[in-house]
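Asks: here is my input; please provide its structure:
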Amino acid sequence: MTEHTASFRRGETATKMGFVSVALLGASKGLVGLTSGSISLLAQAVDSLKDLFALLAVFIGMRLSQRRPSERFPYGYYKTETFASLVVSILILLTGVEILRESAFRVFEPEPLSAPLNAVIVSASSIPIIYLLHRYVKRVGEEINSQSLLSQAADFRTDIYASSLVLVSVVSSQGGYPWVEGIAGVVISLLVLRMGAKLGWGSLLVLLDAVAKPEQMELARQLAEGVRGVRRAYNVRLRRSGPFCFGEITIGVDQRLPVEHAHRLSEDVERRVKEAIPAIESLVVHIEPRKETKLRLAMPILEDRGMNSPLTPHFGEAPYFLFIDVEENSVRRWMTRENPRLGLERKRGITVANLIIDEETTTLLTGQLGEGPFHTLRDSFVEIYKVPEKVTASEAVKAFLEGRLERIEEAKEDVDSHDAVNP
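Replies: Take a look at the predicted model:
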């Protein structure tokens, strides 16, 4: 059983329990309302009938949502649940109008109750039952992210207030204020109309692909740009479909990035966003190669003489590393850092590679590079280029910007230098 199927099964169970509970409560309210003449109880009985149809619609919607995507419905049938929620809202509105009309009539022509004790017992006992039902349905709705169940839970919460109001109106009627029953019916109907309008508007927004939480799009963008190797994330789109979301995002990557690395980068973005926003069922990541205008180059140097520093072919044993910021093919600034791992006996190259990564380096220019540092750097999307021996930093940068350096594509224990440049 898939995770989504299990979620829908839990939703179905909650719907069935709600249906049975509401049916019993509605039948008792209707029977007592007819025998006692309580308009407020009758109003709640009609409202219970509405709840029964609503729960039935939710159940049908969940069943349809479990159908597998087809050629005609490639995104599945998740929106049937949203459509069911819209049906619920329409039923709520229709019920509210009818209750409002009848209750307004009873305000001006009140009638005494013939069996007030029965009305008190039914209205009082329904309050804790509806409260427990509200808590249960709401919890399941939140756990499986079901909008229709959450809508029904919200309606049950309104029923709690309505039942309390019915109890007060019945007691007041026996105290010599029979018109209070009519007012209670008017208040209940207004609550029902308010709930129906709120649910209907929410369902329409989902059906029109409106974003329920716009802040999630900004979060998705930030998460994508937080993945190393992504230069920029934009064109973020999310749309709701039942309890799930479908999304798209475009990421800009270095145009020199190999295809397999770009594909892995898109997978990293998808995984990170979906972990942070569990409601996203599917996220399509579009890759757009971009010509980088801002780069940070790193290279191992033998002496600290700025751009005139001579490069050393020994990556892990380099006394210094020179970091150069390049923008629009021009050197903007540089800085030198000592090799803090120079005295290490083991894993020196990998440790230095992590230093390169921590400095947000995009490109490494080097001669000799072991297999461990190579994979560490490539896994962090640092491009690696081979430089010849006995060149200075300025000569290596010039050769790189002119496209005369060879990219290192495979790891070797000793990457030999050759005359890729003629300084």
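Asks: how is G229 assigned, secondary-structure-wise?
Replies: Of the three states, G229 takes coil under DSSP: H, G, I helix; E, B strand; the rest coil.
Asks: same question but for R296, I mixed them up
Replies: With three-state DSSP as the criterion, R296 reads strand.
Asks: and it, how far from F108?
Replies: Between R296 and F108 the computed distance is 81 Å (CB to CB, to the nearest Å). (Each C-beta comes from the backbone N, C-alpha and C, glycine too.)
Asks: compare these two (neighbour count), which wins?
Replies: Higher neighbour count among R296 and F108: R296, with 18 against 8, using other CB atoms under 10 Å.
Asks: who's in contact with the more buried one?
Replies: The contact partners of R296, taken as CB atoms under 8 Å, 6 or more residues apart in numbering, are F323, I324, D325, V326, E359, E360, T361, T362, T363.
Asks: in a strand, that's where the third one is, yeah?
Replies: By that I understand D325. Yes - using three-state DSSP, the assignment for D325 is a strand.
Asks: what number of residues lie near it?
Replies: When neighbours are counted by other CB under 10 Å, D325 registers 15.
Asks: so what's it up against?
Replies: So D325 contacts K294, L295, R296, L297, V331, R332, R333, W334 (CB under 8 Å, 6+ apart).
Asks: please tell me how far the residue nearest the centre of the chain sits from E71.
Replies: Among the residues of the chain, the one closest to the centroid is I277, at 2.9 Å (CA atoms, centre = their mean). Plainly put, I277 is 28 Å away from E71 if you go by CB to CB.
Asks: what do you get for D304?
Replies: Plainly put, D304 is 65 Å away from E71 if you go by CB to CB.
Asks: more neighbours, these two?
Replies: Counted by other CB under 10 Å, D304 and E71 do not tie: D304 has more neighbours, with 13 against 5.
Asks: of all the residues in stretch 12-29, which ones are buried?
Replies: By neighbour count on 16 or more other CB atoms under 10 Å, the buried set for stretch 12-29 is E12, A14, T15, G18, F19, S21, V22, L25, G26, S28, K29.
Asks: hmm, I typed the wrong one, I wanted stretch 46-55.
Replies: Those would be V46, D47, S48, L49, K50, D51, L52, A54, L55, for stretch 46-55 by 16+ other CB under 10 Å.
Asks: over to stretch 270-283?
Replies: Across stretch 270-283, burial judged by 16+ other CB under 10 Å covers E270, R272, V273, K274, I277, I280, E281, L283.
Asks: restricted to helices, list those residues.
Replies: Cross-referencing these against helices under DSSP state H gives E270, R272, V273, K274.
Asks: mind giving me the packing neighbours of the helix or strand harbouring T158?
Replies: Here T158 is covered by helix 147-174, with elements defined by DSSP states H and E. In terms of contacts (3 or more CB pairs under 8 Å, 6 or more residues apart in numbering; DSSP states H and E), helix 147-174 is packed against helix 3-36, helix 39-65, helix 79-108, helix 116-144, helix 179-207.
Asks: list the buried residues for that helix?
Replies: Residues of helix 147-174 classed as buried: 147-160, 162-167, 169-173 (neighbour count, 16+ other CB under 10 Å).
Asks: top of the contacts of D325 by neighbour count?
Replies: Neighbour counts for these peak at L297, which has 23 neighbours (criterion: other CB under 10 Å).
Asks: distance of that residue relative to E360?
Replies: According to CB to CB, L297 and E360 sit 12 Å apart.
Asks: same question for S169.
Replies: S169 is 69 Å from E360, where distance means CB to CB.
Asks: my read: I280 touches G247, true?
Replies: Yes - the criterion here is CB atoms under 8 Å, and I280 meets it with G247 at 5.5 Å.
Asks: any common contacting residues for those two?
Replies: Common contacts of I280 and G247, defined by CB under 8 Å, 6+ apart, comprise A220, L238, V273.
Asks: which of those sits closest to V211?
Replies: Lowest distance from V211 to the shared contacts of I280 and G247 (CB to CB) belongs to L238, with 5.6 Å.
Asks: so who does that closest one touch?
Replies: By CB under 8 Å, 6+ apart, the contact set of L238 is V211, Q216, M217, A220, C245, F246, G247, I280.
Asks: so where is the stretch 101-250 of the chain shaky, pLDDT-wise?
Replies: 106, 109-113, 115, 147-148, 174, 212, 242-243 (pLDDT under 70).
Asks: got phi/psi on the closest residue to R337 other than its chain neighbours?
Replies: Sequence neighbours aside, F321 is the residue nearest to R337 in space, at 5.2 Å (criterion: CB to CB, 6 or more residues apart in numbering). The phi/psi pair for F321 (degrees, to the nearest 10) reads phi -130, psi 130.
Asks: the stretch 251-400 of the chain: helices as residue ranges?
Replies: Taking DSSP state H, counting those that start in this stretch as the test, the helices found in the stretch 251-400 of the chain are 259-276, 348-358, 371-379, 393-401.
Asks: perfect, I'm done here.
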